[in-house]
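1. One predicted model, sequence on top.
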Amino acid sequence: MNDQLLKLLAATLVFGGCLLAYLASPRQRLLSRPVAHKPAWTLFAASQVLAGAMLATIYPPVSAILLLLTLVMCLWLALVLASAHLAGRPLLVGSMGLVLFSLIMVSG
């Protein structure tokens, strides 16, 4: 049970960081103006390091980093596709992505 909670928290951190990085892009379609670039990418990096540390307590370090890298790539792709269809609805995109990737992490 404790491992499931750590996976859920790590998935939440990864998603939050990826969403911030996406929202900092000038080509994002969810907000009228992009978020400030430096703080968004700093929070992205910090959340990925923290999520990687959490996953490294469950998996071997190399596996945790590969899982983290895979999640980031999948999330960025999913964010681009979802925001293209749900432009101007950041709450809907954020909640759908958070629920989907949290379920993927918990269910395995």
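-> Yep, that arrived. Residues are numbered from 1 along each chain as shown.
2. where in the protein is pLDDT low?
-> Within the chain, the segments meeting pLDDT under 70 span 1, 87-88, 108.
3. So which residues of it form helices?
-> Taking DSSP state H, the helices of the chain run over residues 2-23, 37-56, 61-85, 90-107.
4. What residues sit buried inside the shortest one?
-> The neighbour-count criterion (16 or more other C-beta atoms under 10 Å) identifies 90, 93-94, 97, 100-102, 105 as the buried residues of helix 90-107. Every C-beta, even on glycine, is put in place using the N, C-alpha and C of the backbone.
5. now do the third one
-> Within helix 61-85, the residues that count as buried by 16+ other C-beta under 10 Å are 64, 67-68, 71-72, 75, 78-79, 82-83.
6. Are there helices or strands packed against that helix, and which ones?
-> helix 2-23, helix 37-56, helix 90-107 (3 or more C-beta pairs under 8 Å, 6 or more residues apart in numbering; DSSP states H and E).
7. which residues sit in contact with the most centrally placed residue in the chain?
-> Centrality entry for the chain: nearest residue to the mean C-alpha point is residue 15, 1.7 Å, by C-alpha atoms, centre = their mean. Shown in contact with residue 15 (C-beta atoms under 8 Å, 6 or more residues apart in numbering): 75, 97-98, 101-102.
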